[in-house]
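Engineer: I'll drop the sequence and a predicted model, then ask my questions.
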Amino acid sequence: MSDFWDRYGRSVSPCHRLPPLLKIGLALAVIIAGVAIPFENWPAFGVLGCFVFTGHSIAGIPLRYLLKRLFIFLPFIGTMAISLPLSQGFSHGWELMLTIVCRGTIAFLTSLWLINVMPFAQLLVTLRRLRVPAVFVAILAFMYRYVFVVWDELDRLRTARKARSMGHTSLLFRWKSLAAMLGTLLIRSLTRAERIHGAMLSRGWTGEVHWLDDE
Amino acid sequence: MHIPDGFLSNEVCLATAAAAVGAVGYSLHRIKGDLAERTIPLTGMMGSLIFAGQMINFPIGLPVSGHLMGGVLAGVILGPWAGCVALTMVLVAQWALFSDGGLTALGANILHMAVLGSIGGYAVMAAIRRRFKCRSRGTVIGSVIAAWLSVMAAAALFCVEFRLSHAAGEFRFQNIFTLMVAFHALIGIGEALITAVVVNVVLHHRPDLVFGLQSDAPPARSLPQFVGAGLIVALAVAAFASPFASEFSDGLEAVAEKESVAASEDGLPGVFADYDAIPLGNWQSLSVSAAGVVGVLSIFALSLLMTRGLSRQPATQLAGAAPRE
């Protein structure tokens, strides 16, 4: 599961070895530059795109993965951007739409590079170093730890539902059962949170967050 | 629903990020105050739950399907501050794991879904719940209305931010506003429906998990608390209504300019520069109002339907449930 979510985070490449703050800074710089480029200077989009693409190939992120992600992303941003000329009666707004799609795609690829050269654990450490409050980082870490558990719970609920309803049912019934499933998941997760809280208390938890790198 | 990078200008991203940092920082401060040691597991688990819950696709009969956004749900279950933090975690993790929503647009996304959804949604829900004697029924009706309003408010705020991001004259603001608001009035119905059913399920099985329902006696409201709640509601309403107000001022300005030919356009700052004297078609404001009226009516009908299931349940049963821990 974790491998499915950040698959290339733990591979080895010059990009992965960069200091984490430099990675974030580089990605931010590319995204901000992309948004700042006016449409008249459109060749600059190509230059930035080449730069990002080079980063991907140095990091060893395969082209197939990029295409797969773009295949999901492009229709999404396309639908959002087409609403602009649509709302103007298709008379104008095309230029702005193209600009947005170019900027969005470059920023998306940059984000994709960043999340694939920086595993989640490294992000947490970096947030700590950036003086983000300890409670924030602790909640984020807790959430990341239990996302997989909740996901497995959801999978079990789904299997049970499939076993009972055998697929073909009406739309209304599907809505009702899906929402009931969500409610059940919520109750089970919060009950689990209470159990975990009890376990934490019994191990001496006082609400104070300690980090190994605090000294 | 996440805004990708590229839609908003760097300045707007900076401003929204500053607002989001302020709001989330204040929420963190608030949840540290009460019961700090249970905040981390509860808020973190709520984050994982909404993260997973957003992957349940609700079919709508077309090739596309919708999913829960969860701001109001988190606010109703955990309270406004913890709900806001939980949603912020979800948005950060979705960016860090899937690159969903932009890095620079993260502030705007947090502002729309976590702050407006959880804090604003809770304020609306609490204001409505107060009107009901049966608190569980009030919760369901309140969260239906709050969920629909939160989606609409987020769409309206996005339009305003989009308008501020781009030079005047590239598009007409009213048109894009109409399209976005009309579209999100439909999306909001889905969000309201999902939120209502989930809240209903929780109220049925574990009413003690819902924030503010733990104590069976309604808390005595002191005057400052009442004023504070009223202020939050007023702000939420203002945030939601201001784009409509700008529509009106738009029309008013057009009229004013027709009257006084001497009004110089050049002096106006960028924000108002596109409000030129093009006569505003009546159908636009009409369709916005129509979408609003249809939405409000359907939401009220929906909330009435949702509470019919609850009415069979005596209130004493809810009040007598075991308190948490």
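Structural biologist: Looks like it came in fine.

Engineer: what's near enough to touch residue A:73?
Structural biologist: Residue A:73 makes contacts with A:105, A:108, B:4, as judged by C-beta atoms under 8 Å, 6 or more residues apart in numbering or on different chains. Yep, even glycine has a C-beta here, placed from its N, CA and C like the rest.

Engineer: report all helices and strands that the helix or strand hosting the first one contacts.
Structural biologist: Spelled out, that is residue A:105. Per DSSP states H and E: residue A:105 is located in helix A:94-117. In terms of contacts (3 or more C-beta pairs under 8 Å, 6 or more residues apart in numbering or on different chains; DSSP states H and E), helix A:94-117 is packed against helix A:14-17, helix A:20-36, helix A:43-59, helix A:63-87, helix B:80-98.

Engineer: just the mean pLDDT for that helix, thanks.
Structural biologist: Regarding helix A:94-117, the rounded mean pLDDT is 89.

Engineer: distance to residue B:205 and mean pLDDT added to the helices and strands packed on helix A:94-117, as a markdown table?
Structural biologist: Below are the helices and strands packed on helix A:94-117 laid out as a markdown table (distance: least, C-beta to C-beta, whole Å; pLDDT from 0 to 100):
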| stretch | distance to residue B:205 | mean pLDDT |
| --- | --- | --- |
| helix A:14-17 | 46 | 86 |
| helix A:20-36 | 43 | 91 |
| helix A:43-59 | 47 | 90 |
| helix A:63-87 | 36 | 85 |
| helix B:80-98 | 20 | 91 |
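
Engineer: do any residues in stretch A:184-195 lie close to chain B?
Structural biologist: Yes: counting by C-beta under 8 Å from any C-beta of the partner chain, contacts between stretch A:184-195 and chain B involve A:184-187, A:189-194.

Engineer: put the alpha carbons of the one helix or strand residue B:27 maps to into PDB.
Structural biologist: Under the criterion of DSSP H and E, residue B:27 resides in helix B:10-33. Provided in PDB are the C-alpha atoms of helix B:10-33 (Å, rounded to 0.1, in the frame of the first residue of the first chain):
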ATOM      1  CA  ASN B  10       1.300  34.200  -6.700                       C
ATOM      2  CA  GLU B  11       0.000  37.200  -4.700                       C
ATOM      3  CA  VAL B  12      -3.400  35.600  -4.100                       C
ATOM      4  CA  CYS B  13      -1.700  32.400  -3.100                       C
ATOM      5  CA  LEU B  14       0.500  34.300  -0.600                       C
ATOM      6  CA  ALA B  15      -2.500  36.100   0.800                       C
ATOM      7  CA  THR B  16      -4.600  32.900   1.100                       C
ATOM      8  CA  ALA B  17      -1.700  31.000   2.600                       C
ATOM      9  CA  ALA B  18      -1.300  33.800   5.300                       C
ATOM     10  CA  ALA B  19      -5.000  33.600   6.100                       C
ATOM     11  CA  ALA B  20      -4.800  29.800   6.300                       C
ATOM     12  CA  VAL B  21      -1.800  29.800   8.500                       C
ATOM     13  CA  GLY B  22      -3.500  32.300  10.800                       C
ATOM     14  CA  ALA B  23      -6.700  30.300  11.000                       C
ATOM     15  CA  VAL B  24      -5.000  26.900  11.500                       C
ATOM     16  CA  GLY B  25      -2.600  28.400  14.000                       C
ATOM     17  CA  TYR B  26      -5.500  29.700  16.000                       C
ATOM     18  CA  SER B  27      -7.300  26.300  15.800                       C
ATOM     19  CA  LEU B  28      -4.200  24.600  17.100                       C
ATOM     20  CA  HIS B  29      -4.000  27.000  19.900                       C
ATOM     21  CA  ARG B  30      -7.600  26.300  20.800                       C
ATOM     22  CA  ILE B  31      -7.400  22.500  20.800                       C
ATOM     23  CA  LYS B  32      -4.200  22.700  22.800                       C
ATOM     24  CA  GLY B  33      -6.200  24.300  25.600                       C
END
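
Engineer: that one and chain A in contact?
Structural biologist: Yes: judged by C-beta under 8 Å from any C-beta, helix B:10-33 comes into contact with chain A at B:10, B:13, B:24-25, B:28, B:31-32.

Engineer: buried subset of the residues you listed, written for PyMOL?
Structural biologist: Remark: buried members of the residues of helix B:10-33 next to chain A, expressed as a PyMOL selection using 16 or more other C-beta atoms under 10 Å in any protein chain shown:
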select buried, chain B and resi 13+24+28+31
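
Engineer: pLDDT for the residues of helix B:10-33 next to chain A - can I get that in a markdown table?
Structural biologist: Listed next are these as a markdown table, based on pLDDT from 0 to 100:
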| residue | pLDDT |
| --- | --- |
| B:10 | 89 |
| B:13 | 92 |
| B:24 | 93 |
| B:25 | 92 |
| B:28 | 89 |
| B:31 | 84 |
| B:32 | 78 |
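
Engineer: show me the two of the residues of helix B:10-33 next to chain A that sit farthest apart.
Structural biologist: By the measure C-beta to C-beta, B:10 and B:32 form the most distant pair in these, at 32.1 Å.
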